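Novice: test case, fold it:
(2 chains)
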Amino acid sequence: MLYREAGEFKSTYQADQAILTIRQDRWFMWAMLAFAFLVIPLISSEYWLGTILLPFLILALAALGLNVLTGYAGQLSLGTGGFMATGAFAAYKLATAFPELHIVVVILLAGLLTAGVGILFGIPSLRIKGFYLAVATLASQFFLIWMFNKFGWFTNYSASGVISAPPMSVFGDAFVTGPYATAEAKYLFTLSLVVLFALMTKNLVRSNIGREWMAVRDMDIAAEIIGIKMLSTKLKAFAYSSFLCGISGALWAFVYTGSVEPLAFDVNRSFQILFMIIIGGLGSIMGAFLGAAFIVLLPIFLSNAPHWIGLNIPVDLISHIEFMVFGVLIIFFLIVEPHGLARLWQLLKEKLRLWPFPY
Amino acid sequence: MRIERDVIYIIIVTLFLMVAIPWTMGQISEDIFFEWPFFFEVAIGGLLAGVMYSLVALGFVLIFKASGVFNFAQGAMVLFSALTLVGLNELGMPIWLAIIATLVVMLLLAVVIERVVLRSLVNQEHIILFMATIGITYFLDGFGQTLWGSEVKTLNLGIPSDPGFYFDGKILINDFDLVAALLAGVLVIVLALFFQYTRIGRALRAVADDHQAALSVGIPLKHIWVIVWAVAGIVALVAGIMWGSKLGVQFSLALIALKALPVLILGGFTSVPGAIVGGLIIGAGEKLAEVFIAPLIGGGIEDWFAYMLALAFLVFRPQGLFGEKIIERV
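Specialist: Presented below is the predicted three-dimensional model:
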């Protein structure tokens, strides 16, 4: 009753092409943003902001990046972790070599550098498809991690191979990295970037470029025949995807953990991000966020659940059982809704639109 | 099997490079020691290690051929079978009985996977099935270790593991690797015979060729999937026994799946001989590179070298050396 497009007349092209065409959707989105920007920092504890919401946002950004590549452009990639590491180390080298650079500039430049690396590792995709490509992208994953581990130059010859972010502020005293940074500042900074890039991605995928990506995903030969250039389209997807992954890696190293070693971005990270977009829904911006929330919260829930119901299980056993339950839940989700949480969200909206009638 | 001319050229060039690059490196760099007996020792060691990779890759190929599923859980199945075998053995079963019991467990596992996972995901996209097998991976890793504990266990089947000297004591080869290679060879021959001459084998090949055509001549697809997963389980058990005796039965066994993936793409997802040849090339290439190239660029390159090598091959043959030629129509 409340949620329907009936009675909403669009009198301008601008209104017709809006991202959210239904008024209630727009209200909901503004309410969500207001809640995220204004209410959450006030009501959340340091723990929630710093250890749950921050990784959620950062991993959602990486999932967004992978979703562009896999969900929209159809190129299955397992190299996300490597690209995140590239972003983190590029940001570190930039921040230490040019200390006067602003943190936003550092992060954006790190993203651009990662995009370059992404293009380089995207070149094989012109010849190789499907699972062959997925395995081939593992090459980038292992090679990049090895490179950052092996060559001292990337870590400024630190003995442990760990990089630590120098304290940097957005303006004045608003530090977002280093020991003076408050959880609120970190959260708001990350949230602003993530919202910005989500908006940018949303607009990109409904533009010319996004339609080309989807054409390539649906059938690349047909796309080529109607005049879409494979080379530039696929490489654009790799570039933009690794741009987002690089930024997410830089945020992970600088804002979330503060100091990081290459192993934080190993192949399990890549799988984790891939899980997010599959559980969330391929080819959906919303899906990246829903999937990230699910994958970040599930292990926390699983490791705390035995305490809540009063069971005392040794720690290593818990971690094994966690693995088991995680695997079962993944399979369960895939069986129940192979198109991900975003599809459920869509179904819910369809139902709401017709409510109280079934159809 | 007909081998295309390209493949022969590629293999000849590869062999040439495998000899030429180490030799050149030995001439131009003082850090690298090059002598022919040493070169052959490294190469043979690599080939034998490659056979072990092939063992794991074989499991992937079997399942991909018959059901089009990229079974990421093969590594977890190796770990699970080895853990079960050792666990049963520790409970007091004699080793032959433990092996039979583990075979039964792997068969049950195949039935359960088909019933619960595959049947519910029929006709889904490949990536969904791939993710489901990653789910199986997590489950098996957790389940095996919950059941049997996570400490390192030794598996001793009485296979000799002394280093042996061959060719007048010039070349050192581990006897264990020889036995493993021999066993893998036997396994491949048995599998080939099974595929070629039995009723089930013919049905499997029919399904691999064309699911619908196979269904229409009355081959029960569901049974075939169970059989294929069971065969992959048996291959996993053999791989688990060999790797487990070599490295000890522990969690890192599951990670050898990552070693088998480049073998898989190099040989082609759909080819059993591809898995063998791919394993040999990757094994020898990796060891040679580790000894003759790695010292120049800092060492520890075995993590990624196999992938880069496979990638180089894919640029020339996007479907892998022996994979089915990809024919696309609009």
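Novice: isn't A:A181 up against A:V170?
Specialist: No: A:A181 lies out of contact with A:V170 (C-beta atoms under 8 Å); the separation is 10.0 Å. All C-beta atoms are positioned from the backbone trio N, CA, C, and that covers glycine.
Novice: compare those two (neighbour count), which wins?
Specialist: Using other C-beta atoms under 10 Å in any protein chain shown as the criterion, A:A181 and A:V170 rank with A:A181 on top: 21 against 16.
Novice: which phi and psi does that one have?
Specialist: Torsion angles at A:A181 (phi, psi; degrees, to the nearest 10) stand at phi -70, psi 130.
Novice: same check on B:V69?
Specialist: Dihedral angles for B:V69 - degrees, to the nearest 10 - are phi -100, psi 130.
Novice: could you report the pLDDT at A:S319?
Specialist: pLDDT for A:S319: 79.
Novice: how much space separates it from B:A254?
Specialist: 15 Å (C-beta to C-beta, to the nearest Å).
Novice: look at those two and report which has more neighbours.
Specialist: Neighbour count, other C-beta under 10 Å: between A:S319 and B:A254, B:A254 has more, with 23 against 17.
Novice: wait, what's in contact with the closest residue to the more buried one other than its chain neighbours?
Specialist: In this structure, B:A254 finds its nearest non-sequential neighbour in B:L79, 4.2 Å apart by C-beta to C-beta, 6 or more residues apart in numbering or on different chains. Counting by C-beta atoms under 8 Å, 6 or more residues apart in numbering or on different chains, B:L79 makes contact with B:140-141, B:144, B:240, B:249, B:251, B:253-254.
Novice: looking at the helix or strand containing B:M52 now, give me its mean pLDDT.
Specialist: B:M52 is located in helix B:36-67, with elements delineated by DSSP states H and E. Regarding helix B:36-67, the rounded mean pLDDT is 86.
Novice: list the contacts of A:V162.
Specialist: A:155, A:259-261.
Novice: of those, just the buried ones, PyMOL syntax please.
Specialist: In PyMOL syntax, the buried subset of the contacts of A:V162 is picked out as below (16 or more other C-beta atoms under 10 Å in any protein chain shown):
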select buried, chain A and resi 155+260+261
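Novice: with the contacts of A:V162 in mind, which one is nearest to chain B?
Specialist: A:T155 (13.8 Å; C-beta to the nearest C-beta).
Novice: B:E324 in helix, strand or coil?
Specialist: Here B:E324 is recorded as coil under DSSP: H, G, I helix; E, B strand; the rest coil.
Novice: can you confirm B:I327 is in a helix?
Specialist: No: assessed with three-state DSSP, B:I327 is coil; it does not lie in a helix.
Novice: now do it against A:L108, distance only.
Specialist: 44 Å.
Novice: near chain B, which residues of the stretch 251-359 of chain A?
Specialist: For the stretch 251-359 of chain A, the contact set with chain B under C-beta under 8 Å from any C-beta of the partner chain comprises A:267, A:271, A:274-275, A:278, A:282, A:316-317, A:320-331, A:334-335, A:338.
Novice: again, only using 7 Å
Specialist: Contact residues, the stretch 251-359 of chain A versus chain B (C-beta under 7 Å from any C-beta of the partner chain): A:271, A:278, A:316-317, A:320-324, A:326-328, A:330-331, A:334-335, A:338.
Novice: so of the contacts of A:V162, which ones are in strands?
Specialist: Among the contacts of A:V162, the ones falling in strands (DSSP state E) are A:259-260.
Novice: let me know the closest of the contacts of A:V162 to A:E350.
Specialist: Comparing these against A:E350 with C-beta to C-beta places A:V260 closest, at 42.5 Å.
Novice: so what's the closest one closest to, chain neighbours aside?
Specialist: Nearest residue to A:V260, sequence neighbours excluded (C-beta to C-beta, 6+ apart): A:A253, at 4.2 Å.
Novice: same question, B:S29
Specialist: Once flanking residues are discounted, B:S29 sits nearest to B:L296: 6.2 Å by C-beta to C-beta, 6+ apart.
Novice: tell me the helix or strand right after the helix or strand hosting the one you found.
Specialist: Per DSSP H and E, B:L296 falls inside helix B:294-297. Counting by DSSP H and E, the next helix or strand C-terminal to helix B:294-297 is helix B:302-316.
Novice: ChimeraX command to pick out the buried ones of the residues of the stretch 251-359 of chain A next to chain B?
Specialist: ChimeraX command restricting these to the buried ones, with burial defined by 16+ other C-beta under 10 Å:
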select /A:271,278,320,321,322,323,324,326,327,328,330,331,334,335,338
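Novice: ok, the residue nearest to B:S29 to B:T24 distance?
Specialist: 12 Å.
Novice: likewise A:R217?
Specialist: Taken as C-beta to C-beta, the span from A:R217 to B:T24 is 44 Å.
Novice: between those two, which has more neighbouring residues?
Specialist: A:R217 (19 against 14).
Novice: OK, contacts around that one?
Specialist: A:72-74 (C-beta atoms under 7 Å, 6 or more residues apart in numbering or on different chains).
Novice: make sure it is indeed in a helix.
Specialist: Yes: judged by three-state DSSP, A:R217 forms part of a helix.
Novice: low-confidence bits of chain B, can you list those?
Specialist: Where chain B drops to pLDDT under 70, the residues are B:1-2, B:158-170.
Novice: for the stretch 151-300 of chain A, same thing?
Specialist: For the stretch 151-300 of chain A, not a single residue meets the criterion pLDDT under 70.
Novice: how about the helices of it, start to end?
Specialist: Remark: helices assigned in the stretch 151-300 of chain A by DSSP state H, counting those that start in this stretch are A:183-205, A:208-218, A:220-225, A:230-251, A:267-280, A:285-308.
Novice: dump those helices into CSV; add distance to B:G283 as well.
Specialist: Shown next, in CSV, are the helices of the stretch 151-300 of chain A (distance: least, C-beta to C-beta, whole Å):
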stretch, distance to B:G283
helix A:183-205, 43
helix A:208-218, 36
helix A:220-225, 34
helix A:230-251, 31
helix A:267-280, 21
helix A:285-308, 36
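Novice: can you pick the most crowded of the contacts of A:R217?
Specialist: Counting neighbours by other C-beta under 10 Å, A:A73 leads the contacts of A:R217 with 29 neighbours.
Novice: ok, now which ones touch that residue?
Specialist: Shown in contact with A:A73 (C-beta under 7 Å, 6+ apart): A:213, A:216-217, A:234, A:237.
Novice: now do 10 Å
Specialist: A:67, A:122, A:125, A:205, A:209-210, A:212-217, A:220, A:233-234, A:236-238, A:240-241, A:283 (C-beta atoms under 10 Å, 6 or more residues apart in numbering or on different chains).
Novice: cool, B:V111 as well?
Specialist: B:225-226, B:229-230.
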